Each structure stands twice: as C-alpha cells, then as structure tokens.
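Participant: take a look and give me a structure for this.
(4 chains)
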2 protein chains.
Amino acid sequence: MQDIMRVAAQVFCEKGYSDALTAQIAARAGVVEGTIYRYFPGKRELLIRVVEQWYERILADYDQQLRGVRGARARLRFLIWRHLTVIHNEPGMCRLIFNQLRAWPEYRRTTVFELTREYTRRTLAVLQEGVDAGEIRADLPLRIVRDMIYGGVEHHTWAYLRGEGDFAPDEAADAMTELVYRGLARAPPQSAAEATLRRLEALAQRLERSTAAR
Amino acid sequence: MQDIMRVAAQVFCEKGYSDALTAQIAARAGVVEGTIYRYFPGKRELLIRVVEQWYERILADYDQQLRGVRGARARLRFLIWRHLTVIHNEPGMCRLIFNQLRAWPEYRRTTVFELTREYTRRTLAVLQEGVDAGEIRADLPLRIVRDMIYGGVEHHTWAYLRGEGDFAPDEAADAMTELVYRGLARAPPQSAAEATLRRLEALAQRLERSTAAR
DNA sequence: CGCAAAGATGAGTGGAGCTCATTAGAATGC
DNA sequence: GCATTCTAATGAGCTCCACTCATCTTTGCG
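Facilitator: Okay, the predicted model is just below:
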C-alpha cells in the first residue's frame, strides 16, 4: 500500500490529477487496477491520502524551526519565507493542493485542511505577538493581514506553478515582510514630522534674516 | 447557440463544472446532445466561451467607472472593492474561473486571461500614480503589492465561494486599502524617525525660546 | 417544384473509474 | 501434515459520460 502511495505521488505530480490514470499508477506499482480499490475508496481519496502524508512530512520540523526564531518580525518573515520555499521546492504537490484538493467538497474533512488552519492560525498568533510587544498597530483586522499574506504568496507563485517563469523566495519574503511591517504609506506621523520641518524652516529663515541684518 | 450558452452558464453555476452534464445542458436548452458539438469543440471550450462572454459583460462599464474616481487612494480602493463585489454578487462564475478555468492549460489563450492581465495592470498603474503624486513610497516592488491585493481578495473570499460563511465587500475593501496605504507597522525605521523627530522638536523649541528671548 | 446546402438528430463509440465473482496464498486448527 | 478459514490479489466486465457520425429534416434559391 505504501508502494501504491509512493507511485501515485509521483504520477500525480508528473501528470496532474486528471491525466494520471489509475491503470498507469497500478502498472507502475506492479499491481493490477483493482488492487488500488482494496486500499482506497477511489482515485480522489487516493490523492487525499497521498497529499496528507506529504503535508505531514512537510510540517514535521516546522514548529521546532519556528521556535528557534525570535522577534515578531523575524518570525513573520519565517512563516512567509517557509510557505514560499515549500512552493518553490515542491511545485507538483502544491499544484495538486491548490488546483484540485481545495476545490473538492471533501477538503474540509481532510487533515490538510486542519493543518493549514493551524498554519494560518500561527500567523495570527505571530501578528498578535507583534501587537502585544508594541511593534504592530492593532487598529486593523489581523485576519485581513493574514489573508493578504497567504493570498499574496499564492498569487505571486501562480505563474511558477503553471511552469511559466520563476520567483525568488528570499526576495519575495523580504518584500512582503517589509510591506506588512512598515506599510507603504507616508502615514499621519510623518505629517507631524513635516509640521516640525516647516517650523524649523521658518526659524532658519528668521535666523538668517536676523544674522544678515547685523 | 445563445440559448445553449445561456443555459450552460446556469447549469455550470448551479452544479459546478464536472457535475454539469452535457446531456443536461442539451435537454434544458431544448436540443439534443450532439447539437452542442456543432457549435463547440467540447465541454471545456463551452465553459471558456461562457465565461468569456460573462467576463466581458462584467468589465463593460469598468473603465468608465474608474475614470470617475479621483485620487490614487480612492482609485485603489475602487479596484479592490470592485473585485470583492463581483465575487460577492456572482460567486458561481467566480468559482468556475478560480477552480477550473485557471487550472487548465488553455487558460493563457483565453480572453479571460488577457482581460485579467489588463485588470491587474491597471492596479499597477494606479499604484504608480500614487508614487508619482508622492503619496506612496516606491522603495518596494509594486508587483508584490499587486499580488498581495489580488491574492488577499481571493483568499479572503475563499470560504464564501465554498458556500461557507460570508464577507462584507465594503469593510474588506476599507481594511485592505488602509493596510496597503498606511501600512501596519510602528516599524524600526519609524521609531528611529520618531526619535529624530523628538530631537528636532526639542531643538525647535530651544531655538524659538532663544529667538524670542532677544 | 426540385435540388443543394446547412442544421439537427440520436444511436453508437471510446475511455476511464470502479466492481465483484473467482483464485491464490497465508494463517490457524485439529 | 492435511484441511479449513481468512485475507489479499486478480482481471474481466460494468457504468457513466464526453464525444462522433451516418442519417434525416429544414431552409434557401432558381
């Protein structure tokens, strides 16, 4: 049965879900087609089991690694970078998850779903750490930030997953972390700085006039 | 043929792509199955044509509306809000695009693909307007911002598209615009800037006192 | 009215997931 | 050491669904 799952993982990744034929998986695994259906209720369930096994492997050392990273900003960057890196290293499986698994009604009762929830929940927790430490403002819903992070990662890697073009996990992680962390705007505090600047400029002019008058 | 496309749009939206049977579409359209294949090379192409027609309708008044919105920030919010609203109003079609169409190899030669590119290109243009107007910093790649916007919208609406839960386009648009515009962080650069600002203010006060004293 | 061109028909085909009666092999009992 | 039972593997066949094609019908034109 482990043979079947190993072979199925290969064939699914190579050909995609619908072009991967059960007959082909059986042949490569050295069994006959019907044998697959002794262990799996159907092709869909086979994919689900394969992806679940893979995903558990991927997340195995995840918590330990995260525990080693200190500071809300670095932790946040790690989460983003990690997601980008997994996609970059294993595009086949990620394509299966994004294009097939998540579109199915069975998805919600999958451990992939549960583990993903856990994963994104950790992102919220890290953001909250930042709020508690006074590093991040809390006047916007953190859920939206999380959605923009995960959605952004997946949108950014979309072309790569189609086999068109590439992306750099490190650079993208830097940019996204920076964006989330410091934002894009010249925000209200800066207008305070501008006011101060104007006061100083006015003072400078007055001083210049008074020194010139002497 | 318009009948077939109208009926197909309905059935696809109701049942999803693979549960929508060609026989069913034909029956509801009052023709026989083979007739569909006189006008369309196959079921996939039928969906593509249906979605293309819909998408053109959706984007018909789009540019005109955008032209009516002034200011980079308001324009950006409009783009985000618009995307959210379309998803909220027509979940069936959006589900078909996100789950089926975009996963197919044919997608790239679709006008849906072209129009979407146009759509996101406009977002980059609006961001660039903000940079030119001095409203937005340009020291981070705008492509990443765009990816976080569109990815964020889709990630945020994902549960809704599955028929689980709901979301509020206006609130989400506000939050995302705010996030992109002013950022989240009381970040290191800003705390440094704040320290500098306090020193400058102190300096200004000293100078003001000394000039006043004369 | 005759004829040709275009359109519609529905029985039939092919392919892929899936089933099940049968067989082979292993474990257990006496 | 043979018989029995229980489990696993087999592969021919079934079903479902997209798709095809020879045939029939309607329309347009002289």
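Participant: what are the buried residues along the strand or helix carrying A:Arg77?
Facilitator: In the assignment (DSSP states H and E), A:Arg77 maps to helix A:72-89. Across helix A:72-89, burial judged by 16 or more other Cβ atoms under 10 Å in any protein chain shown covers A:72-73, A:75-84, A:86-88. Every residue, glycine included, has its C-beta placed from N, CA and C.
Participant: residue ranges of the helices in chain A, please?
Facilitator: Counting by DSSP state H, one finds helices in chain A at the ranges A:2-15, A:22-29, A:33-39, A:43-58, A:62-67, A:72-89, A:91-95, A:111-132, A:142-156, A:158-161, A:169-182, A:188-213.
Participant: the residue in chain A that DNA strand D sits nearest to and B:His155, how far apart?
Facilitator: Here chain A gets closest to DNA strand D at one residue, A:Gly34, 2.1 Å apart by Cβ to the nearest atom of the strand. For A:Gly34, the distance to B:His155 (Cβ to Cβ, to the nearest Å) stands at 40 Å.
Participant: who has more neighbours, those two?
Facilitator: Neighbour count, other Cβ atoms under 10 Å in any protein chain shown: between A:Gly34 and B:His155, B:His155 has more, with 22 against 9.
Participant: which one is the more buried one nearest to, not counting chain neighbours?
Facilitator: Excluding its sequence neighbours, the residue lying closest to B:His155 (Cβ to Cβ, 6 or more residues apart in numbering or on different chains) is A:Gly151, at 3.1 Å.
Participant: show me the shaky parts of chain A.
Facilitator: A:183-199, A:201-202, A:204-206, A:208-210, A:212-214 (pLDDT under 70).
Participant: got the contact list for the residue nearest the centre of it?
Facilitator: The residue lying closest to the centre of chain A (Cα atoms, centre = their mean) is A:His83, at 3.9 Å. By Cβ atoms under 8 Å, 6 or more residues apart in numbering or on different chains, the residues touching A:His83 are A:150, A:153.
Participant: now distance to B:Asp174 too, for the helices of chain A, in TSV please.
Facilitator: Shown next, in TSV, are the helices of chain A (distance: least, Cβ to Cβ, whole Å):
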stretch	distance to B:Asp174
helix A:2-15	41
helix A:22-29	49
helix A:33-39	51
helix A:43-58	35
helix A:62-67	31
helix A:72-89	23
helix A:91-95	32
helix A:111-132	19
helix A:142-156	9
helix A:158-161	26
helix A:169-182	17
helix A:188-213	17
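Participant: to B:Leu59, which of these lies closest?
Facilitator: B:Leu59 sits nearest to helix A:142-156 of all the helices of chain A, at 19.3 Å, using Cβ to Cβ.
Participant: domains of chain A?
Facilitator: A:1-40, A:48-182, A:188-214 (automatic domain parsing).
Participant: from these, which stretch is densest packed?
Facilitator: Of the domains of chain A, the one with the most neighbours on average (mean count of other Cβ atoms under 10 Å in any protein chain shown) is domain A:48-182, at a mean of 17.
Participant: any idea how far A:Trp104 lies from B:Asp19?
Facilitator: Taken as Cβ to Cβ, the span from A:Trp104 to B:Asp19 is 12 Å.
Participant: equivalent analysis for A:Val131, please.
Facilitator: 44 Å.
Participant: next: A:Val153.
Facilitator: 31 Å.
Participant: so who does A:Trp104 touch?
Facilitator: A:Arg44.
Participant: before we move on, back to that, what's the closest of the domains of chain A to B:Arg109?
Facilitator: Closest among the domains of chain A, using Cβ to Cβ: domain A:48-182, at 12.8 Å.
Participant: distance to DNA strand C for the helices of chain A - can I get that in CSV?
Facilitator: Converted to CSV, the helices of chain A look like this (distance: least, Cβ to the nearest atom of the strand, whole Å):
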stretch, distance to DNA strand C
helix A:2-15, 10
helix A:22-29, 4
helix A:33-39, 3
helix A:43-58, 3
helix A:62-67, 32
helix A:72-89, 26
helix A:91-95, 17
helix A:111-132, 19
helix A:142-156, 27
helix A:158-161, 22
helix A:169-182, 33
helix A:188-213, 58
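Participant: B:Arg44: which of those helices is closest?
Facilitator: The nearest among the helices of chain A, by Cβ to Cβ, is helix A:2-15 at 17.3 Å.
Participant: from the buried residues of helix A:72-89, which is closest to B:Pro41?
Facilitator: A:Ile87 (33.3 Å).
Participant: so the closest one makes contact with A:His156?
Facilitator: No: between A:Ile87 and A:His156 there is no contact under Cβ atoms under 8 Å: 9.1 Å.
Participant: so what's the residue lying closest to A:Ile80 once chain neighbours are set aside up against?
Facilitator: Leaving aside its sequence neighbours, A:Ile80 sits nearest to A:Ala173 (Cβ to Cβ, 6+ apart; 4.8 Å). Applying Cβ under 8 Å, 6+ apart to A:Ala173 gives the contacts A:77, A:80-81, A:84.
Participant: up against DNA strand D, what does chain A have?
Facilitator: Neighbours of DNA strand D within chain A, by Cβ under 7 Å from any atom of the strand: A:31-35, A:37-38.
Participant: may I see the residues you listed organised as TSV, with distance to A:Leu66 added?
Facilitator: Below are the residues of chain A next to DNA strand D laid out as TSV (distance: Cβ to Cβ, whole Å):
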residue	distance to A:Leu66
A:Val31	40
A:Val32	45
A:Glu33	43
A:Gly34	44
A:Thr35	40
A:Tyr37	40
A:Arg38	40
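Participant: out of those, flag the one nearest to chain B.
Facilitator: Nearest to chain B out of the residues of chain A next to DNA strand D is A:Tyr37 (Cβ to the nearest Cβ; 20.3 Å).
Participant: A:Lys43 versus the closest one, what's the distance?
Facilitator: 9 Å.
Participant: then A:Val131?
Facilitator: Applying Cβ to Cβ to A:Val131 and A:Lys43 gives a distance of 45 Å.
Participant: swap in A:Pro91?
Facilitator: The value you get for A:Pro91 to A:Lys43, if Cβ to Cβ is used, is 21 Å.
Participant: over to A:Lys15?
Facilitator: Where A:Lys43 is concerned, A:Lys15 sits at a distance of 13 Å (Cβ to Cβ).
Participant: go on, A:Arg82?
Facilitator: 30 Å.
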